[in-house]
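Peer 1: below: sequence and its predicted model.
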Amino acid sequence: MEKYILAFDAGTTSSRAIVFNHSGEICSVAQKEFTQYFPQSGWVEHDPHEIWSSLASVAAEAITKIGINGKYIAGIGITNQRETTIVWDKATGDPIYNAIVWQDRRTAEYCDKLKEAELIPFIKDKTGLIIDAYFSATKVKWILDNVEGARERAEKGELAFGTVDSWIVWQLTRGERHVTDVTNASRTMLFNIHTLEWDKDLLKLFDIPEAMLPEVASSSEIYGHTKTTIFAHKVPISGIAGDQQAALFGQMCIEPGMVKNTYGTGCFILMNTGEEPVISKNNLVSTIAWKIGNKVTYALEGSIFMGGAIVQWLRDGLGIIKSSSEIEELARKVPDCGDVYFVPALTGLGAPYWDQYARGTIVGLSRGTTAAHIARAALEGIAYQSMDVINAMILDAGIGLKELRVDGGASRNNLLMQFQSDVLAQTVIRPHTIETTALGAAYLAGLAVGFWENIDEVKKQWTVDSTFEPDAQHDMQLAKRKWAAAIYRSQDWVK
Ligand SMILES: Nc1ncnc2c1ncn2[C@@H]1O[C@H](COP(=O)(O)OP(=O)(O)O)[C@@H](O)[C@H]1O
Ligand SMILES: O=P(O)(O)OC[C@H](O)CO
């Protein structure tokens, strides 16, 4: 019987399990949303047990849907929301606090202090990152400072820290392996992206005991075998990558200069920069794209905190649409935004602005403004934010953009993709499989177990669904100036 690769995609709002065949085609998908906790303004938490139980149930569902069991799974690839921080007791496996999610802003003021102490170059030189509450280090420190007895227990070696990938491997191996991969490690602000080791100076700065940290492995190797009852067989866990790096791989952006944008909850634009990190002068971050064998590939990244999530807000917060896909029909009711500009900074602004205190802003409302204009302005806001990141990327890399490869839920929206092409004056390409995050994790897992022989073999599986060419119908220069003015108005709002 044919064998398959199973990808676990542990996203911010839902858990997905996808079974891929040897041609890289999706054979089965199961998905489950899980609870988002907002205990205070700007705080976002998940229950680590729910992350795992939802993943376990979708994995079981996905494999039973096509009538297979663990025996027919050649390898498991894990991809995950990055930066989200979990600390658990090594003996009991119980988390000592909820997962603090990447979007959580509770450590923003502490980050300001780090900036005031002029630590920006110190941290950037080692990690490639910008100081922001987004990354894991300040979240781990918060847990150690705020959960009673935590630091003492961490110092005694009783606690484990992990990003969501580590938590999943711990569950799958029943506590046998405490491991992460280089891509996830590079988002913690504790990992030196040049030496590929946890950085002792940073551990000291954040007062984090080294004993809590996972072992750091490559993105494609056998980390261990499943011990859960879901599979009834020992399945090798053989690929791990943060979701945005996995998407870069799934999009087969394997040559330096290739760029992808994933339009999910946020928008994450990554450019492959080859074997050396490019240190950004334009407020992007340098990150590890993957490590396969001994070869490390780096990327430049621009992280936008609100992408498709703004569409969910129009659905759940404003109630002007009933489902995310309805936004396209609504926005098409008007020929343009009617001079309305919408900066979706509901949780602050990420790259290239990095303003933790910015908030969502709609400007240019008039008596003639309708829900359709707001819908259109929201979609355009997603595209303008992506344009700002891509412009910064082009400056940093010193090379132009040949094409933009797109994926993620909101990339289904043809109006958004056409507008993205118009504002960039560049070709936008959507592949057949927009589940490229899971596909990338599957490829990494399959390569490690010989399911696929080499990258050249999987490269042939990437095929184009739609191409969008620039076809701007109005003055884009004026529109871009208005966008810049709207961004200015959204900044520094809640400080
Ligand atoms: N047709 C659409 N137009 C615009 N946004 C969409 C559309 N379909 C889905 N979305 C948005 O895409 C996001 C889901 O994409 P997905 O890739 O599943 O995200 P994630 O992996 O971050 O959970 C949601 O925020 C949703 O609002
Ligand atoms: O869950 P996603 O797809 O929104 O991705 C979240 C990112 O990994 C955060 O850095």
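Peer 2: Noted; the coordinates are in hand. Ligands and ions are numbered 1, 2, ... in the order given.
Peer 1: ok, the residue lying closest to His432 once chain neighbours are set aside to Ser411 distance?
Peer 2: Excluding the flanking residues, the one nearest His432 by Cβ to Cβ, 6 or more residues apart in numbering is Asp465, at 4.6 Å. Backbone N, C-alpha and C define where each C-beta goes, glycine included. Plainly put, Asp465 is 10 Å away from Ser411 if you go by Cβ to Cβ, to the nearest Å.
Peer 1: more neighbours, those two?
Peer 2: Ser411 (26 against 12; other Cβ atoms under 10 Å).
Peer 1: distance of that one relative to Gln420?
Peer 2: Distance from Ser411 to Gln420, by Cβ to Cβ: 9 Å.
Peer 1: any common contacting residues for those two?
Peer 2: Shared contacts of Ser411 and Gln420, defined by Cβ atoms under 8 Å, 6 or more residues apart in numbering, comprise Asn261.
Peer 1: what segments of the stretch 151-300 of the chain are helices?
Peer 2: With helices called from DSSP state H, counting those that start in this stretch, the stretch 151-300 of the chain shows them at 164-172, 182-185, 200-206, 243-250.
Peer 1: highest mean neighbour count out of the ones you listed?
Peer 2: Across the helices of the stretch 151-300 of the chain, the average number of neighbours (mean count of other Cβ atoms under 10 Å) peaks for helix 243-250, which reaches a mean of 32.
Peer 1: for the closest residue to Trp170 other than its chain neighbours, give me its contacts.
Peer 2: Spatially, and ignoring its direct neighbours in sequence, Trp170 is nearest to His178 (6.2 Å; Cβ to Cβ, 6+ apart). Neighbouring residues of His178 by Cβ under 8 Å, 6+ apart: 90, 160, 162, 166, 169-170, 214-215.
Peer 1: CSV please, covering the residues you listed and showing distance to ligand 1.
Peer 2: Shown next, in CSV, are those (distance: Cβ to the nearest ligand atom, whole Å):
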residue, distance to ligand 1
Lys90, 30
Ala160, 26
Gly162, 20
Ser166, 19
Val169, 20
Trp170, 22
Pro214, 23
Glu215, 27
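Peer 1: adding mean pLDDT and distance to ligand 2, write the helices of the stretch 151-300 of the chain out as CSV.
Peer 2: Output for the helices of the stretch 151-300 of the chain, formatted as CSV (pLDDT from 0 to 100; distance: least, Cβ to the nearest ligand atom, whole Å):
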stretch, mean pLDDT, distance to ligand 2
helix 164-172, 96, 9
helix 182-185, 98, 9
helix 200-206, 96, 19
helix 243-250, 96, 5
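Peer 1: which residues sit in contact with the residue of the stretch 301-450 of the chain found nearest ligand 1?
Peer 2: Nearest to ligand 1, among the residues of the stretch 301-450 of the chain, is Gly409, at 2.2 Å (Cβ to the nearest ligand atom). With contact set as Cβ under 8 Å, 6+ apart, Gly409 has these partners: 263-264, 308, 324, 434.
Peer 1: among these, which one is most surrounded by other residues?
Peer 2: Tyr263 leads the contacts of Gly409 on contacts (other Cβ under 10 Å) with 27 neighbours.
Peer 1: beta partners of that residue?
Peer 2: Applying DSSP bridges to Tyr263 yields these beta-bridge partners: Cys267.
Peer 1: that one against Ala410, yeah?
Peer 2: Yes. With contact defined as Cβ atoms under 8 Å, Tyr263 counts as touching Ala410 (3.7 Å).
Peer 1: which residues are common contacts for the two?
Peer 2: 307-308, 382, 416.
Peer 1: out of those residues, which comes closest to Gln244?
Peer 2: The nearest member of these to Gln244, counting by Cβ to Cβ, is Gly307 at 11.7 Å.
Peer 1: what's the closest non-adjacent residue to that closest one?
Peer 2: Distances taken as Cβ to Cβ, 6+ apart place Cys267 nearest to Gly307, at 3.6 Å, with adjacent residues excluded.
Peer 1: helices or strands next to the longest helix along the chain in the packing?
Peer 2: In the chain, assigned by DSSP state H, the helix with the most residues is helix 371-397. Helices and strands touching helix 371-397, as assessed by 3 or more Cβ pairs under 8 Å, 6 or more residues apart in numbering; DSSP states H and E, comprise strand 259-263, strand 267-274, strand 295-304, helix 309-313, helix 326-331, strand 341-343, helix 414-424, helix 476-490.
Peer 1: so Tyr298 bridges to which residues?
Peer 2: Judged by DSSP bridges, the bridge partners of Tyr298 are Gly274, Ile288.
Peer 1: residues near it, how many?
Peer 2: Tyr298: 23 neighbours (other Cβ under 10 Å).
Peer 1: what does Glu210 give?
Peer 2: Glu210 has 13 neighbours, counted by other Cβ under 10 Å.
Peer 1: check Asp456 too.
Peer 2: When neighbours are counted by other Cβ under 10 Å, Asp456 registers 9.
Peer 1: shouldn't it be within a strand?
Peer 2: No. Counting by DSSP: H, G, I helix; E, B strand; the rest coil, Asp456 falls outside a strand, being helix.
Peer 1: distance-wise, check it relative to Val58.
Peer 2: From Asp456 over to Val58 (counting by Cβ to Cβ), the distance is 31 Å.
Peer 1: the residue nearest to Gly307 and Gln356, how far apart?
Peer 2: Cys267 is 18 Å from Gln356, by Cβ to Cβ.
Peer 1: out of those two, which sits in the busier spot?
Peer 2: Between Cys267 and Gln356, counting by other Cβ under 10 Å, Cys267 is the more crowded of the two (30 against 22).
Peer 1: what does stretch 368-383 contact?
Peer 2: Applying Cβ under 8 Å, 6+ apart, the set of residues contacting stretch 368-383 from outside is 263, 267, 304, 306-308, 310-311, 314, 318, 320-321, 327-328, 330-334, 336-338, 340-344, 362, 364, 410, 413, 415-416, 419-420, 423.
Peer 1: again, 6 Å this time
Peer 2: Counting by Cβ atoms under 6 Å, 6 or more residues apart in numbering, stretch 368-383 makes contact with 307, 310, 314, 320, 327, 330-331, 333-334, 337-338, 340-344, 416, 419-420, 423, all of which sit outside it.
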